[in-house]
Structure formats: structure tokens, C-alpha cells
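[1] Provided below for reference: sequence and predicted model.
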Amino acid sequence: MRQFSSVMKNRFLLIAFFATLLVIIASGNQHQLISTDNMNRTKSLEAIHIVNKYNNILEGNKPLHVSTIEEVSQNGALSPVSFTGTLTGYGPDCEGCGGRVGCPPRQDVTDGNIYFEDSEYGTIRIVATDPSIPCGTIVKISNLSFSSEPIIAIALDRGSDIQGLTMDLLFESEAVTKPIGREYNVGYEIIRWGW
């Protein structure tokens, strides 16, 4: 009888061990619901970008269309925000240009490199914007006469003539920008506000 009791005790301990193991494994595989109802708790601009990006994809939100640079700066962090403006082009060899963009990391563009490698959006163009649009902002530019596809660009430069709803797209040289001139009714959509 004593041996039977010992065998039953060992079986009970073995079953208890496996039951505990299953509970531990199951508790590590729980899915956590992340609520975005209270954006005030969000501490990071990057977290806001990620939450907005995926909420807009899931909900099929259209961008908020604004018509002044003041509205862009007030609502830009709630991207996507869209507006219509003008586009010009410039090269690193333009009069008064120093060969480096104005925003950190102050990339040298004198070698004709008109692209920036963004950790989130990959290889994208460089654009100069109004100072109220922060460095690192990602913009989708569309309705261009020289490109049938939208251009994704990053705000990495400033210019004394770049004010309001005008942006200045970086090209390899000033000579390349001459045929482009000034584009009107250009569609802009801010898809990331700053870094």
C-alpha cells in the first residue's frame, strides 16, 4: 500500500509539473491589445507616426486637406495632411548654395547625390521646405509634369525663397532644373511629421 501511495504521489507531482509548465507557456503567448484612444499618453513622436500610419491604413482615412502653411504646421503631426502648392528645383551648385543641406545630418550633395537613405522609407529624394515644416518630414509629391509617379521626399533643406506652400526639389545640378521651372497645382501629402 505504501508503494502504491508513493507511485500516486510521483504521478501527481509529474502531472502538476506539466500543468504548471503549460500555464507558463500559455501565459507567455498572450496578445496584448494596444489602445490608441488616448494620444496624450504617447511620449514619442515616432510612436505617434507609427500609430497614425497604421490607424490610417486600417481605417482608410483620407488626408486632412489644408490650404495655408499655418494649417500645415498646426495639423502636420496628425499626418497625413495634404495641400496644394508649387514646386521649384535646385541643384547643389546653385548661387549661394554651400553644397550641404541645412538639416542634420547636413548631407554633402556636391557629388550629385540627390537621395537620402531613411530608416523607415528607404531611398528617397531631398526637398527644401518652409521652416515651419520640421526637418525629417516625409512628403509625397504628386501631379508633376516631369514624373508620372509620385515622388517621396524628405525635408532636409531650407532656402530663403522657400516659404509657405512652395517646396524646392533637389536635382543633380542647376542645369537640370531649367526645363522644370516652376510647377503649379502640385499635390503634397505629409506622411511623417519630422524625425
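    Received the coordinates, thanks. Numbers count the residues shown, from 1 in each chain.
[2] quick one: the helices in this protein?
    Taking DSSP state H to define them, one finds helices in the chain at 2-27, 45-59, 69-75, 174-177.
[3] And the ones you listed, which one averages the lowest pLDDT?
    Note on the helices of the chain: helix 45-59 shows the lowest mean pLDDT, a mean of 50.
[4] ok, how many other residues are close to the closest residue to L165 other than its chain neighbours?
    Sequence neighbours aside, G85 is the residue nearest to L165 in space, at 3.1 Å (criterion: CB to CB, 6 or more residues apart in numbering). In short, each C-beta sits where N, CA and C put it, glycine included. Counted by other CB atoms under 10 Å, the residues lying close to G85 total 19.
[5] Check Q163 too.
    For Q163, using other CB under 10 Å, the count is 12.
[6] Could you do G181 as well?
    The burial count assigned to G181 is 11, neighbours taken as other CB under 10 Å.
[7] got it, and the one 4 residues further on?
    Neighbouring residues of N185 were enumerated by other CB under 10 Å; the total is 10.
[8] do the same with T88
    Number of residues near T88 (other CB under 10 Å) recorded here: 18.
[9] OK, contacts around the nearest residue to it once chain neighbours are set aside?
    Leaving aside its chain neighbours, T88 sits nearest to D168 (4.9 Å; criterion: CB to CB, 6+ apart). Residues near D168 by CB atoms under 8 Å, 6 or more residues apart in numbering: L87, T88, G89, Y90, V127, A128, T129, D157, G159, D161, I162.
[10] Please enumerate the strands of this structure.
    Ranges of strands within the chain are 64-65, 81-90, 115-118, 122-128, 138-142, 151-157, 166-170, 182-192, based on DSSP state E.
[11] give me the low-pLDDT residue ranges for the protein?
    Low-confidence segments of the chain (pLDDT under 70): 1-5, 21-61.
[12] Mark out where each domain of it begins and ends.
    Domains of the chain are assigned by automatic domain parsing as 1-30, 45-192.
[13] right, so the ones you listed: which one is the most enclosed?
    domain 45-192 (a mean of 16; mean count of other CB atoms under 10 Å).
[14] quick one: it to chain centroid distance?
    Centre-to-centre, domain 45-192 and its host chain are 12 Å apart (CA atoms, centre = their mean, to the nearest Å).
[15] circling back: quick one: closest of the strands of the chain to R106.
    Among the strands of the chain, the nearest to R106 by CB to CB is strand 151-157 (8.6 Å).
[16] which secondary structure elements does that closest one contact?
    Packing partners of strand 151-157 (3 or more CB pairs under 8 Å, 6 or more residues apart in numbering; DSSP states H and E): strand 115-118, strand 122-128, strand 138-142, strand 166-170.
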